[in-house]
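Engineer: Using only what follows, build the 3D model:
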Amino acid sequence: MNPIILRRIAPVFIALFLAPFLPTASFAQCGSASWYALTSKTASGERMNPAAMTAAHRSLPFGTKLKVVNRRNGKAVVVRINDRGPFVGGRILDLSKAAAAKLDFIRAGHTKVCLEQMK
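Structural biologist: Reported below is the predicted structural model:
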C-alpha cells in the first residue's frame with residue numbers, strides 16, 4: 001500500500017476500531033507544587049499529619065491517590081488527597097512535609113511536578 005495513504009488511514013483506523021479497547025487516560029497534570037506542615041484539621045475532616053504521604057488539591061475527590069514526580073530530579077512519591085488547596089496562584093498541589101522530603105524540595109519550598117492518578 002502507498003505509504004502516504006497508509007499514514008492518513010492509520011489514525012482513523014486506530015480511532016474507530018482500536019480506541020474502545022485501549023485503557024482510558026487517567027487524570028494527569030503538570031505545574032508547580034509547594035509543601036505545608038500544619039497540624040490543624042484538613043478539609044476532609046482528618047487532622048493534618050506532616051509525616052503522612054498526603055496532599056491538597058483544588059478539585060480531586062478526597063482519597064484520590066496520585067503519583068507525583070519532581071520534574072527537576074525525577075524522584076516520585078504516591079500521595080493521597082485529603083485537603084483542599086493550594087491557595088497560592090499558579091500552584092496545583094500542596095504536599096505534606098514528608099512527601100516534599102521524599103521529592104527532595106524541602107529547602108526550595110516549591111518545585112515543578114507532574115501528577116498522575118493511580119488506579
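Engineer: residues touching residue 73, list them.
Structural biologist: 103-104 (Cβ atoms under 8 Å, 6 or more residues apart in numbering). Where C-beta positions appear, they are placed from N, C-alpha and C, glycine not excepted.
Engineer: for the one 10 residues further on, same thing?
Structural biologist: Going by Cβ under 8 Å, 6+ apart, residue 83 touches 42-44, 48, 54-56, 94.
Engineer: May I see these organised as CSV, with pLDDT and neighbour count added?
Structural biologist: Formatted as CSV, these follow (pLDDT from 0 to 100; neighbours: other Cβ atoms under 10 Å):
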residue, pLDDT, neighbour count
42, 94, 18
43, 94, 13
44, 95, 16
48, 93, 20
54, 97, 21
55, 96, 28
56, 96, 25
94, 96, 24
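Engineer: Which of these fall within strands?
Structural biologist: Among the contacts of residue 83, the ones falling in strands (DSSP state E) are 54-56, 94.
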